[in-house]
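Asks: have a look; sequence and predicted model below, questions after that.
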Amino acid sequence: MNSMKLKAAALALCLGLLAGCGMDESLTMTPETGEKIEVTLDRGDDFSMEETAGTVLVYQKKKVMLRCAFISEEQEKAQRASIITMPFEIHKQEKDYISYSMAGPEGMVNYYMYPVGKKTWLFAATHLPPEAAEKVLSRIHFREAKS
């Protein structure tokens, strides 16, 4: 009888630990475009996020891994136009997606811009190398929130 209770307790503990491992964290942003954008992060591997002054900061073990701002299509076009005035390297460019890097005051910065709503674009920045940044970006998802 005691071994059954021990097995049940061990199973309950394992299920409790597993339930906390892959839980998603979500928040809803309302950028200047007026859309509501739901941001969801896979919290595994000690990832977390917070909203600060309209920006989403993605952390891993308290270290900022990615900064996400939300801009309009006009702001996105202006940002693309300004890129060509400075030294930069494009990593990937498609119709509605661009990733590029530029030297900043604290070293190389990688940027990502793509639509996350009908009127809203993501403008993300990180000091991570492109491969690592892509892994962080794969943990975060954006969609228009239901009103």
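Replies: Happy to help now that I have it.
Asks: now do the helices in this structure.
Replies: 2-21, 73-83, 130-137 (DSSP state H).
Asks: least reliable of the ones you listed by average pLDDT, please.
Replies: Per-segment mean pLDDT for these reaches its minimum on helix 2-21, at a mean of 44.
Asks: flag the shaky bits of the chain, pLDDT-wise.
Replies: 1-22, 147 (pLDDT under 70).
Asks: hmm, 90 instead?
Replies: 1-23, 80-88, 95, 103-108, 145-147 (pLDDT under 90).
Asks: all the strands of it, residue numbers only.
Replies: Assigned by DSSP state E, the strands in the chain fall at 24-29, 37-42, 47-52, 55-60, 63-72, 89-94, 97-104, 107-115, 120-126, 140-144.
Asks: let me know which of those strands is tucked in deepest.
Replies: strand 120-126 (a mean of 21; mean count of other CB atoms under 10 Å). For glycine as for every other residue, the C-beta is placed from the backbone atoms N, C-alpha and C.
Asks: you'd agree Arg67 is up against His127?
Replies: No - Arg67 is beyond contact range of His127, at 9.8 Å (criterion: CB atoms under 8 Å).
Asks: having no further points to raise, I will conclude here.
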